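Visitor: I'd like to go over a predicted model; first the sequence, then the structure.
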Amino acid sequence: MKANNNTGRIPEPELQVPTLAILQLTRFGDLIQTVQAVEDLKKSHPEYRVILIARTQFAKPLEFLLKRVFTKIYYLDTKKIFEHAEVQGLKSSFDNINSFLGEMSQESIDVLINLSFSKSSAYLASLIKSQHKIGTYFDYSNKMCINDKWSQIVYSTVMRGALNPYSVVDLFKNIIGIRSNEAKKYTSIRFTFKYDYHSSVRFSRAQSLESREMGRSYLPCFER
Amino acid sequence: MDMLKQDLNREINRIKEQLDKAAPLNEEDMKVILLSMLLEEDSHESK
């Protein structure tokens, strides 16, 4: 019997490009700080598909900046969502939010990262389908869930007072799972996602091309 | 009062009663809560 391919070699499985969705519903400053954090992520992992979910009124004026780091931007347009709702009632807004969520459901999101820390963003995070969720979201008993330690720190300390000694960009980077020194060192990394409830995304079993060349495999960079 | 606010108030009261009985929410309930919060945030934005 003849082999199906000419070489007779088993084809290597295609690596799926992972999609990270950043949920940032807050204002201009937070969006700019989010861009700074994601820029670092893109330096170390240019292959990632990073999408943004943001409110139209804040994201549209910054589109020129956001497009530099995000593959796609989903605009939550509340003006449109509540258009005619004063006379048509809840149904029209319900249809509009369903249409937005329907568009989002076309995405195959590996990790949804909520960097907003507002209640509305936590409810939206609950409604967006994703394999893993970082940051705040609500469960079906209406309890807020925060499973990663960096979001827990931000929620329990930074959000509770005006005296925050930490850079918000650094906090965002930690939530996303970036280590700045590793961002420079490893340029090409294969990985599988593994989620741990006590930390953010773990880029475990990461194997850099550099380390393979040196004969070391499965370098645990990005592990916390 | 506009229709949206009337509808939202009615739905939010229903959800509160549901939670008081320790009944779980569903996605439709979460969408109602989300819309209510977005509307509230928008009203603060416009002030």
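Guide: All right, it came through fine.
Visitor: which residues of chain A lie near chain B?
Guide: A:57, A:76, A:78-79, A:81-82, A:85-91, A:93-94, A:97-98, A:101, A:118-120, A:123-124, A:126-127, A:138, A:140-142 (CB under 8 Å from any CB of the partner chain). C-beta coordinates here come from the backbone N, C-alpha and C atoms, glycine included.
Visitor: just the buried ones from the residues you listed?
Guide: Neighbour counting with 16 or more other CB atoms under 10 Å in any protein chain shown marks A:57, A:76, A:78, A:81-82, A:85, A:89-90, A:93-94, A:97, A:101, A:118-120, A:123-124, A:126-127, A:138, A:142 as buried within these.
Visitor: report the residue spans of chain B with pLDDT below the cut-off.
Guide: Flagging of chain B using pLDDT under 70 yields the residue ranges B:1, B:46-47.
Visitor: residues from it in reach of chain A?
Guide: Counting by CB under 8 Å from any CB, chain B comes close to chain A at B:2-4, B:6-8, B:11, B:19, B:22, B:24-27, B:30-35, B:37-39, B:41-42, B:45.
Visitor: again, only this time at 7 Å
Guide: B:2-4, B:7-8, B:11, B:19, B:24-25, B:27, B:30-31, B:33-35, B:37-39, B:41-42 (CB under 7 Å from any CB of the partner chain).
Visitor: in helices, which of the residues you listed appear?
Guide: Using DSSP state H, B:3-4, B:7-8, B:11, B:19, B:27, B:30-31, B:33-35, B:37-39, B:41-42 are the members of the residues of chain B next to chain A that sit in helices.
Visitor: can you turn the buried part of the residues of chain B next to chain A into a ChimeraX selection?
Guide: Command for ChimeraX that selects the buried part of the residues of chain B next to chain A, burial taken from 16+ other CB under 10 Å:
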select /B:3,4,7,8,11,25,30,31,33,34,35,37,38,39,41,42
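Visitor: and the longest helix for chain A?
Guide: Max-length helix for chain A by DSSP H is helix A:28-44.
Visitor: helices and strands around that one, which ones?
Guide: Packed against helix A:28-44 by the contact rule (3 or more CB pairs under 7 Å, 6 or more residues apart in numbering or on different chains; DSSP states H and E) you find strand A:19-24, strand A:49-55, helix A:56-59, helix A:63-69, helix A:168-176, helix A:180-185.
Visitor: give me the neighbour count for residue A:61.
Guide: Look at residue A:61: counted by other CB atoms under 10 Å in any protein chain shown, it has 12 neighbours.
Visitor: again, but for residue A:153
Guide: The burial count for residue A:153: 16, using other CB under 10 Å.
Visitor: got the angle between the longest helix of chain A and strand A:49-55?
Guide: Using axes from the mean of the first three to the mean of the last three CA atoms, to 10 degrees, the inter-axis angle of helix A:28-44 relative to strand A:49-55 is 180 degrees.
Visitor: buried stuff in helix A:28-44?
Guide: A:30, A:31, A:33, A:34, A:35, A:37, A:38, A:40, A:41, A:42, A:44.
Visitor: ok, the fifth one - contacts?
Guide: The contact partners of residue A:35, by CB atoms under 7 Å, 6 or more residues apart in numbering or on different chains, come to A:65, A:66, A:69.
Visitor: surely the last one touches residue A:38?
Guide: Yes: at 4.7 Å, residue A:69 counts as touching residue A:38 under the criterion of CB atoms under 7 Å.
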